[in-house]
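> I would like the atomic coordinates for the input below:
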Amino acid sequence: MKNPSDYSSSEYLHRFACWTAARAVQRRFPGANSESIKAAIDDSKLKSKMDEICRQPTMTAAMYDAWHQRMGQELKAHLTQKGMQDVSFGRAAKIIAIYFKTAWLPRLLGTELAWVAHPPIDRQLLKALGKCKLYPRKQEAIKWTSFDEDKYYACVEILRGIVSEQPFWKIEDYWGN
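As a prediction, this is how the structure comes out:
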């Protein structure tokens, strides 16, 4: 029998971040549901790996990108093992971004990691940037669910260029505009 007194704030935040990440990506994602996405997050040890990267004394965009690429590949493999279809790097990347944004970003806003960590990239953000002529509006350029690694990181570079003198999370100011 579970004991609610053993339910820590850290575990609460982890479960909430898993749920928000799952909700953000499961639309039109065959086989995906909150439980299977949480299981893939847990199997890939995203929580402990995020904790490790958050403790790094310095963080550059290149360091974060290398960590993110490895984590995205691992998460993508675990999602596939859970029986999900159409697992793209873009979906794995969004899970990482939403998990980070939910569980870590508010506590890290003034850090180097918060400056370089990828924001959640989705159709709404890319369409809004396209309207402002800041991002190419070709249909394939805004279909984040089909991004492979090359398309994803090309998109990241474009977005970083838009907010180059600010923390990367500030790109979200365009979301929904």
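> Next one, pLDDT for Asn3 please.
Asn3 carries a pLDDT score of 72 in this model.
> what about it, neighbour count?
By other CB atoms under 10 Å, 6 other residues sit near Asn3. Using the backbone N, CA and C atoms, a C-beta is placed for each residue, glycine as well.
> what secondary structure does Pro136 sit in?
Assigned with DSSP: H, G, I helix; E, B strand; the rest coil, Pro136 falls in the coil class.
> for it, what are its contacts?
Pro136 is in contact with Gly130, counting by CB atoms under 8 Å, 6 or more residues apart in numbering.
> Regarding it, what are the backbone dihedral angles?
For Pro136, the backbone dihedrals are phi -60, psi 130 (criterion: degrees, to the nearest 10).
> gap between it and Ala92?
Taking CB to CB, to the nearest Å as the measure, Pro136 falls 23 Å from Ala92.
> repeat for Phe147
As judged by CB to CB, Phe147 and Ala92 stand 10 Å apart.
> you'd agree Cys155 is up against Phe147?
Yes: using CB atoms under 8 Å, Cys155 makes contact with Phe147 at a distance of 6.7 Å.
> Give the residues shared as contacts by those two.
Here Cys155 and Phe147 have Ile121 as joint contacts, going by CB under 8 Å, 6+ apart.
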